[in-house]
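Enquirer: When you get a sec, could you give me coordinates for this:
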Amino acid sequence: MDSFSLPSLLLVAGLLLLLLCLRARRIRHLCSCTIHHDVSTLIYYLVCDIPEYIFYTCECQQIQISVVIFFLCLWVQELTGLERPQRPGEPPLIKGWLPYFGMTMKFQKDPLGFIRTLQKQYGDIFTVLLGGKYITFILDPFQYQLLAKYHKKLSFQRLTQKLSVKVFSIKIVENYEDLIHELHGAYQLLQGKSLDIILEDMLQNIKQMFELQLLKTTNWNTAQMLTFCCSIVFEITFTTIYGKVPAGERKKFISELRDNILKFDNKFPYLMSDIPIELLQDVKSIREKLIKCMTPEKLAKIPGTSEIVQKRQDILEKYYGLKDLDIGAHHFALLWASIANTIPVMFWAMYYVLRHPEAVDALHDEIDHLLQSTGQKKGSGISIHLTREQLDSLVCLESIIFEALRLSSYSSTIRFVEEDFILSSDTGDCCLRKGDLVAIFPPAIHGDPEVFESPEKERRFMNDDRI
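Expert: Residues are numbered from 1 along each chain as shown. The predicted structure follows:
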């Protein structure tokens, strides 16, 4: 198994120690979800400076957009020529009857079902109008490599740069490409020995958090499972990456920051659209508060900052000088990226595993075996130390996470078409238009019964009768 990224490590260690804690102290939570769960997942892609990061968000609620905005969109559509004819050689074009928004409503209602219906009707390559953007979907997994083959004409950076400005209010400075290159280089601090240090810090933070908030309680506590996961993942993530807020200020600071970033995340889909932020209720003021919380001046008061944040801070000061708000926008983007995947994946992993007692038993057995083999015990006041190699050996836990991702993630990989060109593949040629987007959609494979038998059911990737 490949080395875990930081969000993956947070998920693995958090879920692992959470289950240990649940078993040792019988901490009870209220799982409010049913088979027809209320938590919806939508697809969205990275809009900051981390490459190849795909995100999805939880509990996305519809915003009441006025009729005025609708007609404004129609007007913009006419001015920008979005009502376009299909050119010879282009993939089938599905626009729907709703101007500008196109097929957005059908896609949000059932992303996988919608894409599979179009695939049966039009084949493996087609273009759909979604929220004012024309997206060409490539569904044949043997053609996924086309994104790498045509990397000069299918850009990721152009897309992320535009959305970084719009979503996170990141300022584009002179030599911005050099800045991004240096920031990407800093992610080496999430590998090797540096990652081992982060993992150890995270495990200690998890232990301290559980002891303070859970293990010393004398009464039963109940909470919705998503709220439970949000609380754990956010505090552990922030503390591990940005340091430990002084005890007297910690509860208020963490609670306000978490609540604001979750409010921001709920509006994230609309931020990525062409809707002006001023029309999205209080999102702009929430973003300003979050950026102010993440300025170098504020972070300097928090001890224990991770090495990667310190490195990024040095790089950002090189390009932005002492402009606190501009640097704060980058720190805010990193924090959001660190939790946007981890929270929903941890939720869905727990949701599915708790529905299957045999899976819980298998996971407990695996954890017990690991602790016995390393001479460790469970219990209050006992520290548990786990290395990356030991986490990699937890195949039951890994399979639970992979299956949760297969069942709940509707992520895509997106590229921006830099110029008109002909996309050549083994199945034929098609013309792509400058300014459009190209996407691959892995959930189409994850939900294919020819690949996964009974794909709607939770099945493990392991060949193990225990699960």
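Enquirer: ok, and for whichever strand or helix holds residue 390, which residues are buried?
Expert: Per DSSP states H and E: residue 390 is located in helix 388-392. Using 16 or more other CB atoms under 10 Å as the test for burial, helix 388-392 gives 388, 391. Every C-beta, even on glycine, is put in place using the N, C-alpha and C of the backbone.
Enquirer: Let the chain start at 428 from now.
Expert: Okay, residue one is now 428; in that scheme the one you just asked about reads as helix 815-819.
Enquirer: C-alpha coordinates for it, PDB please?
Expert: Extracted as PDB, the C-alpha positions of helix 815-819 are listed here (Å, rounded to 0.1, in the frame of the first residue of the first chain):
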ATOM      1  CA  ARG A 815       3.300   3.900   9.500                       C
ATOM      2  CA  GLU A 816       4.400   0.300   8.800                       C
ATOM      3  CA  GLN A 817       2.000  -1.000  11.500                       C
ATOM      4  CA  LEU A 818      -0.900   1.100  10.200                       C
ATOM      5  CA  ASP A 819      -0.100  -0.300   6.700                       C
END
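Enquirer: shaky segments in the chain?
Expert: Counting by pLDDT under 70, the chain shows low-confidence ranges at 428-510, 641-643, 806-809, 887-894.
Enquirer: All the strands of it, residue numbers only.
Expert: For the chain, applying DSSP state E gives strands covering 468-472, 481-485, 520-521, 552-557, 560-565, 581-582, 840-844, 848-852, 855-859, 864-867.
Enquirer: returning to what we had before: which strands and helices sit next to the helix holding residue 817?
Expert: With contacts defined as 3 or more CB pairs under 8 Å, 6 or more residues apart in numbering; DSSP states H and E, the packing partners of helix 815-819 are helix 433-452, helix 619-637.
Enquirer: how does it look with 6 Å?
Expert: Contacts defined by 3 or more CB pairs under 6 Å, 6 or more residues apart in numbering; DSSP states H and E place helix 815-819 against no helix or strand at all.
Enquirer: any chance you could map the helices in the stretch 528-677 of the chain?
Expert: 531-536, 538-549, 573-576, 584-595, 603-612, 619-637, 652-669, 674-693 (DSSP state H, counting those that start in this stretch).
Enquirer: Pipe those into JSON lines and attach distance to residue 820 and mean neighbour count per row.
Expert: Converted to JSON lines, the helices of the stretch 528-677 of the chain look like this (distance: least, CB to CB, whole Å; neighbours: other CB atoms under 10 Å):
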{"stretch": "helix 531-536", "distance to residue 820": "39", "mean neighbour count": "17"}
{"stretch": "helix 538-549", "distance to residue 820": "33", "mean neighbour count": "16"}
{"stretch": "helix 573-576", "distance to residue 820": "32", "mean neighbour count": "15"}
{"stretch": "helix 584-595", "distance to residue 820": "35", "mean neighbour count": "18"}
{"stretch": "helix 603-612", "distance to residue 820": "30", "mean neighbour count": "15"}
{"stretch": "helix 619-637", "distance to residue 820": "14", "mean neighbour count": "17"}
{"stretch": "helix 652-669", "distance to residue 820": "22", "mean neighbour count": "22"}
{"stretch": "helix 674-693", "distance to residue 820": "32", "mean neighbour count": "15"}
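Enquirer: Quick one: closest of those helices to residue 819.
Expert: Among the helices of the stretch 528-677 of the chain, the nearest to residue 819 by CB to CB is helix 619-637 (11.6 Å).
Enquirer: now for that closest one, which elements pack on it?
Expert: Looks like helix 619-637 contacts helix 433-452, helix 652-669 (3+ CB pairs under 6 Å, 6+ apart).
Enquirer: in terms of contact, does residue 519 touch residue 548 like I think?
Expert: No - using CB atoms under 6 Å, residue 519 is not in contact with residue 548; the gap is 8.2 Å.
Enquirer: Save the helices of the stretch 528-677 of the chain as JSON lines, and put in distance to residue 866 too.
Expert: Below are the helices of the stretch 528-677 of the chain laid out as JSON lines (distance: least, CB to CB, whole Å):
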{"stretch": "helix 531-536", "distance to residue 866": "11"}
{"stretch": "helix 538-549", "distance to residue 866": "10"}
{"stretch": "helix 573-576", "distance to residue 866": "9"}
{"stretch": "helix 584-595", "distance to residue 866": "11"}
{"stretch": "helix 603-612", "distance to residue 866": "22"}
{"stretch": "helix 619-637", "distance to residue 866": "30"}
{"stretch": "helix 652-669", "distance to residue 866": "28"}
{"stretch": "helix 674-693", "distance to residue 866": "21"}
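Enquirer: Go through these and name the closest to residue 752.
Expert: Closest to residue 752 of the helices of the stretch 528-677 of the chain, according to CB to CB: helix 584-595, at 11.6 Å.
Enquirer: Distance from that closest one to the middle of the chain?
Expert: Using CA atoms, centre = their mean, to the nearest Å, the mean C-alpha position of helix 584-595 is found 16 Å from that of the whole chain.
Enquirer: and the angle from that helix to strand 840-844?
Expert: Interaxial angle, helix 584-595 versus strand 840-844 (axes from the mean of the first three to the mean of the last three CA atoms, to 10 degrees): 110 degrees.
Enquirer: If you compare the directions of helix 584-595 and helix 603-612, what angle comes out?
Expert: Calculated by the same axes, to 10 degrees, helix 584-595 forms an angle of 80 degrees with helix 603-612.
Enquirer: Spatially nearest residue to residue 584 (excluding sequence neighbours)?
Expert: Nearest residue to residue 584, sequence neighbours excluded (CB to CB, 6 or more residues apart in numbering): residue 607, at 7.1 Å.
Enquirer: May I see the buried residues of stretch 857-866?
Expert: 857, 859-860, 863-866.
Enquirer: Please name the residues that touch residue 619.
Expert: Residue 619 sits next to no residue when contact means CB atoms under 6 Å, 6 or more residues apart in numbering.
Enquirer: quick revisit: how close does the residue nearest to residue 584 sit to residue 545?
Expert: The gap separating residue 607 from residue 545 is 35 Å, by CB to CB, to the nearest Å.
Enquirer: same deal with residue 633?
Expert: Using CB to CB, one gets 44 Å for the distance from residue 633 to residue 545.
Enquirer: Which parts of the stretch 778-894 of the chain are helices?
Expert: Under DSSP H, counting those that start in this stretch, the stretch 778-894 of the chain gives helices at 784-800, 815-819, 822-835, 870-873.
Enquirer: What sits closest to residue 804 if chain neighbours are left out?
Expert: Nearest non-adjacent residue to residue 804, counting by CB to CB, 6+ apart: residue 798, 6.7 Å away.
Enquirer: ok, so what distance separates the one you found from residue 656?
Expert: Taking CB to CB, one finds residue 798 at 24 Å from residue 656.
Enquirer: One more: residue 556?
Expert: Separation of residue 556 from residue 656 (CB to CB): 35 Å.
Enquirer: try residue 592
Expert: Separation of residue 592 from residue 656 (CB to CB): 31 Å.
Enquirer: and what of residue 786?
Expert: Relative to residue 656, and taking CB to CB, residue 786 is found at 18 Å.
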